[in-house]
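[1] mind looking at a prediction? Sequence and model below.
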Amino acid sequence: MKPITLTDAFGCDRCSLMFVIDSDGHHLVQLGGIDPTHQTWFWSGTRWQLRRLGMSSGSRSAIVLGSVLGLTLMLTLNVFVPVTAVVFPLLLMAGILGWYLFHPNAQRP
């Protein structure tokens, strides 16, 4: 990593990537590149590692609670209206897919 003159950015001397220091002063944020998301790196003491954002326990609890309530509602209504056997699983899958695609902390492969 070498500083780029007249900027706050750093350049990698082994590749063409540029980085800036995050506002906390402990992480490097990758600028540009093929991936439109900004990847954040930190120094582990021996090498640079990619910082991965995991789901918080609150997000996990909300997913579990929503799934249990959705399945309970689906099974309850399924006794009375057989059409819900098709409609509710589709709605449940659409909700899970929507959360996965649009939630800011969702982990993507």
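    Thanks, I have it. Numbers count the residues shown, from 1 in each chain.
[2] for the host helix or strand of Trp99, list the C-alpha coordinates in CSV.
    Secondary structure from DSSP states H and E places Trp99 in helix 84-102. Extracted C-alpha coordinates of helix 84-102, given in CSV (Å, rounded to 0.1, in the frame of the first residue of the first chain):
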residue,chain,number,x,y,z
THR,A,84,-53.9,-21.3,1.2
ALA,A,85,-51.8,-24.4,0.7
VAL,A,86,-50.6,-22.7,-2.6
VAL,A,87,-50.8,-19.0,-1.8
PHE,A,88,-49.1,-18.8,1.6
PRO,A,89,-46.0,-20.8,0.7
LEU,A,90,-45.5,-18.5,-2.3
LEU,A,91,-45.9,-15.4,-0.2
LEU,A,92,-43.5,-16.8,2.4
MET,A,93,-40.9,-17.5,-0.2
ALA,A,94,-41.4,-14.1,-1.8
GLY,A,95,-40.9,-12.4,1.7
ILE,A,96,-37.7,-14.4,2.3
LEU,A,97,-36.4,-13.6,-1.2
GLY,A,98,-37.2,-9.9,-0.7
TRP,A,99,-35.4,-9.8,2.6
TYR,A,100,-32.4,-11.6,1.1
LEU,A,101,-32.2,-9.2,-1.8
PHE,A,102,-32.9,-5.9,-0.1
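[3] please compute how far it lies from its chain's middle.
    With C-alpha atoms, centre = their mean, to the nearest Å as the basis, helix 84-102 stands 19 Å off its chain's centre.
[4] cool, stretch 23-41 as well?
    14 Å.
[5] what is the mean pLDDT for that stretch?
    Confidence over stretch 23-41 (mean pLDDT, whole number) is 77.
[6] great, nothing more from me.
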